[in-house]
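*Asks:* Below are the sequence and a predicted model; questions follow.
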Amino acid sequence: MEHLPPTETEPAECACAYNAPQLLHDPLTGLYNKNGFVTHGNLMLQQLAAQGRSTVLIYMELNDYDGLICRLGYDASLVLLTTMRDRMQEVFGTQALLARFDSERFAILLPDGHIGIEGTIHALEAPLRIDLTNYHLSLSCGVATSTDPTDNMDMLIMAARSAKQDAQRAQRQVGWYADDMRRRLARQRAIEDGLWFARDGSGLSLVYQPKIDIRAGKVMGVEALLRWRHPELGAVSPAEFIPLAERTRTILPIGEWLLRTTLNQKYIWRRDGQDIRMSINVSPLQLETVTDEASVLETMTRECRRLDLRHEDLEIEITEGLLSNAEVMGQVRQIARAGFGIAVDDFGREHSALSLLVNCPATTLKIDKSFVDNVVENERQLAVVHFIVDLARRLGMETVVEGIEHLNQLVALADAGCDYGQGYFYYRPLNPDQILELRHRH
């Protein structure tokens, strides 16, 4: 599109400015924004479905966009965006619905989906020449096809975005949304919706992994582990639902429910004659300075006061990766000053700098299961365990080893000086009544 220079009496305008409603259009390119794309796209889907025709959605992302912007500067960046708009209009034609979602992300909805995606990308990636300099462009794309009349734009966008992310992980330029991805995305949406209703504890439960004194063979504490039964999907693994709970921030009310429930369970055990130390996992989001929920420290202090529980009998577990998060560690230090124990979980998995342990208020270092699996066969791995145990002892910490499954592992870890162990060799996670009935036979 040609832009005429302003006359002397006219103020200069941005070359990419459009007189378009802000609610539905991107102000820099005049393309639809996400809201406009979804609104008009749903109408287009309905019309094409009524005609028995399919549609294809392409989700595109400019690679290294931030680096491009730094090199180009503001004015040239506008030229980049308008060039992308013009190329998209030329390549996809007038029947396509075009959008710019934000910064480097674009989307296209096409009828029937008969396109040559590789040739299209090649045309869009042609070098951009500005002020005698060529700038090379690179795109990552995800493609999702709709043949189901029940599909809507939100589902298609998520599908194409998932395909793009899968392609990037596999170091491919284009990802295609397949049936297995459709099932995975549908399951993900069902889990996210279910977590919303689980905020008050619906479907949630707790099991407890005993923590054993390796030399005395006695249960010295338990770790509370969250479980969830989805109303339609049944039992869902924590490895699957906890990351989604963190992404949707439903982990905040769920985390508070977990704290209140575990502390109440400790009170019941003590009342019934089993006074046992409790470890509780918390999410990094729960340790942010500003949240809509009560802080971990506030909740634990309030519940301990209500239930007459000793702070020193309770411990929160943080992952090793949080040691470098200054904001989170500020909260952790407050919790430690209040008398609660701190455990660093999965130590060794993320290879954090050992120097971060120097100012960490932790009293327990939990050695990751990856160090246990081959500890008997691999002398170098056993040497690392010896090093961690010695380091913890010099820092005034106790060690807990996770994932002990065989007697020979236990013997090697005991020789290395580890203090406590957890794993199927001792017990699988138990329900509250089983914890109460434990007899120390080891």
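*Replies:* Ah, there it is.

*Asks:* tell me the secondary structure for residue 318?
*Replies:* Following DSSP: H, G, I helix; E, B strand; the rest coil, the label given to residue 318 is strand.

*Asks:* My guess is it contacts residue 346. True?
*Replies:* No. Using CB atoms under 8 Å, residue 318 makes no contact with residue 346, being 9.6 Å away. Using the backbone N, CA and C atoms, a C-beta is placed for each residue, glycine as well.

*Asks:* Of these two, which one has the most company?
*Replies:* Each of residue 318 and residue 346 has its neighbours counted (other CB atoms under 10 Å); residue 318 has more, 25 against 17.

*Asks:* tell me the pLDDT at the more buried one?
*Replies:* As predicted, residue 318 sits at a pLDDT of 92.

*Asks:* With the one 3 residues further on instead?
*Replies:* Residue-level confidence at residue 321 comes out at 82, pLDDT.

*Asks:* Next up, phi/psi of it, please.
*Replies:* Note on residue 321: its backbone torsions stand at phi -60, psi -20 [degrees, to the nearest 10].

*Asks:* Can you give me the separation between it and residue 344?
*Replies:* Distance of residue 321 to residue 344, computed by CB to CB, to the nearest Å: 10 Å.

*Asks:* neighbour count winner among those two?
*Replies:* The neighbour comparison of residue 321 against residue 344 (other CB under 10 Å) goes to residue 344, with 27 against 16.

*Asks:* which residues sit in contact with the closest residue to residue 45 other than its chain neighbours?
*Replies:* In this structure, residue 45 finds its nearest non-sequential neighbour in residue 55, 6.0 Å apart by CB to CB, 6 or more residues apart in numbering. Residues in contact with residue 55, defined by CB atoms under 8 Å, 6 or more residues apart in numbering, are 44, 45, 48, 109, 110, 111, 112, 113, 145, 146, 156.

*Asks:* which SS class is the first one?
*Replies:* Three states are possible here, and by three-state DSSP the one that applies to residue 44 is helix.

*Asks:* Just list the residues touching it, thanks.
*Replies:* Going by CB under 8 Å, 6+ apart, residue 44 touches 55, 97, 109, 111.

*Asks:* Most neighbours of all these, which one?
*Replies:* That'd be residue 109 among these, by other CB under 10 Å, with 29 neighbours.

*Asks:* Convert the helix or strand where residue 186 lies to CSV, retaining C-alpha atoms only.
*Replies:* Using DSSP states H and E, residue 186 sits in helix 179-197. What follows is helix 179-197, C-alpha atoms only, in CSV (Å, rounded to 0.1, in the frame of the first residue of the first chain):
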residue,chain,number,x,y,z
ASP,A,179,-5.6,-36.0,16.7
ASP,A,180,-3.4,-36.9,19.7
MET,A,181,-2.8,-33.2,20.2
ARG,A,182,-6.5,-32.6,20.1
ARG,A,183,-7.1,-35.2,22.8
ARG,A,184,-4.3,-33.8,24.9
LEU,A,185,-5.6,-30.2,24.6
ALA,A,186,-9.1,-31.3,25.4
ARG,A,187,-7.8,-33.1,28.5
GLN,A,188,-5.8,-30.0,29.5
ARG,A,189,-8.9,-27.9,29.2
ALA,A,190,-10.9,-30.4,31.2
ILE,A,191,-8.2,-30.4,34.0
GLU,A,192,-8.1,-26.6,34.0
ASP,A,193,-11.9,-26.3,34.3
GLY,A,194,-11.9,-29.0,37.0
LEU,A,195,-9.2,-27.2,39.0
TRP,A,196,-11.4,-24.1,39.1
PHE,A,197,-14.0,-26.1,41.0
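
*Asks:* Please state the offset of that helix from the chain centre?
*Replies:* Distance of helix 179-197 from the chain centroid (CA atoms, centre = their mean, to the nearest Å) equals 15 Å.

*Asks:* what residues does it touch?
*Replies:* Contact with helix 179-197 is made by 155, 158-159, 162-163, 166, 203, 228, 230-233, 236, 240-241, 244-245, 248, 250, 254, as judged by CB under 8 Å, 6+ apart.

*Asks:* Give the buried residues for it.
*Replies:* For helix 179-197, the neighbour count (16 or more other CB atoms under 10 Å) marks 181, 182, 185, 188, 191, 194, 195 as buried.

*Asks:* so where's the stretch 101-250 of the chain uncertain?
*Replies:* Low-confidence segments of the stretch 101-250 of the chain (pLDDT under 70): 113-115, 149-150, 179-181.

*Asks:* related to what we said a few turns ago, top of the contacts of residue 55 by number of neighbours, please.
*Replies:* The most neighbours of any of the contacts of residue 55, using other CB under 10 Å, belong to residue 109, which has 29 neighbours.

*Asks:* now the one helix or strand that residue maps to, how far from the centre of its chain.
*Replies:* Residue 109 is located in strand 105-111, with elements delineated by DSSP H and E. Taking CA atoms, centre = their mean, one finds the center of strand 105-111 at 27 Å from the center of the full chain.

*Asks:* Would you mind giving the secondary structure of residue 222?
*Replies:* Recorded secondary structure, residue 222: strand (three-state DSSP).

*Asks:* residue contacts, it?
*Replies:* Residue 222 makes contact with 208, 209, 210, 211, 276, 277, 278, 279, 435, according to CB under 8 Å, 6+ apart.

*Asks:* rewinding a little: drop anything exposed from the contacts of helix 179-197.
*Replies:* With burial judged by 16+ other CB under 10 Å, the buried subset of these is 155, 158-159, 162-163, 166, 203, 228, 230, 236, 241, 244-245, 250, 254.

*Asks:* Looking at these, which one is closest to residue 327?
*Replies:* Distance to residue 327 across the buried ones among the contacts of helix 179-197 (CB to CB) is lowest for residue 245, with 20.2 Å.

*Asks:* Just give the nearest non-adjacent residue to the closest one, would you?
*Replies:* Among residues not flanking residue 245 along the chain, residue 251 sits closest, at 4.1 Å (CB to CB, 6+ apart).

*Asks:* from memory that neighbour sits against residue 286, does it?
*Replies:* Yes. Under the criterion of CB under 8 Å, residue 251 makes contact with residue 286 at 7.1 Å.

*Asks:* Show me how this protein divides into domains.
*Replies:* 34-177, 189-436 (automatic domain parsing).

*Asks:* Residue 23 is nearest to which of these?
*Replies:* domain 34-177 (6.3 Å).

*Asks:* Understood, closing this out.
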